[in-house]
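Peer 1: Let me see the structure of the following:
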Amino acid sequence: MTLGQALRESEKEEFGISLINIQEGLKLSLKKASFIKSKGIYSELLRKIKAGIFKA
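Peer 2: I've put the predicted structure just below:
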């Protein structure tokens, strides 16, 4: 394996891990959102979650 191949493999792994982290973060955010929904903060939180998705 060349150095270039090794670098590409590590980038794939890191990218895969970051995607998993984003998915876990969204699950947590959605759980929090459903919990906070009754307090009327839901729409604000949802807007922040959506903004976060498009930045990621």
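Peer 1: where do the helices sit along this structure?
Peer 2: 3-36, 42-55 (DSSP state H).
Peer 1: Return the list of helices and strands in contact with the last one.
Peer 2: When you say that, I think you mean helix 42-55. helix 3-36 (3 or more Cβ pairs under 8 Å, 6 or more residues apart in numbering; DSSP states H and E). For every residue, glycine as well, the C-beta is placed using N, CA and C.
Peer 1: shaky segments in the protein?
Peer 2: 1, 7, 10-17, 33-42, 54-56 (pLDDT under 70).
Peer 1: redo that, cut-off 50
Peer 2: Regions of the chain meeting the criterion pLDDT under 50 are absent.
Peer 1: Now do L30: how many residues are near it, please.
Peer 2: 13 (other Cβ atoms under 10 Å).
Peer 1: Please verify my assumption that it contacts G52.
Peer 2: No. L30 is beyond contact range of G52, at 11.7 Å (criterion: Cβ atoms under 8 Å).
Peer 1: burial count for S18?
Peer 2: 11.
Peer 1: hmm, I was thinking of K32
Peer 2: K32: 14 neighbours (other Cβ under 10 Å).
Peer 1: Just give the closest residue to it, not the sequence neighbours.
Peer 2: Counting by Cβ to Cβ, 6 or more residues apart in numbering, L45 is the residue found nearest to K32 once chain neighbours are left out, at 7.1 Å.
Peer 1: Hmm, L30 and the one you found touching each other?
Peer 2: No. L45 is not in contact with L30 according to Cβ under 8 Å; the separation is 9.4 Å.
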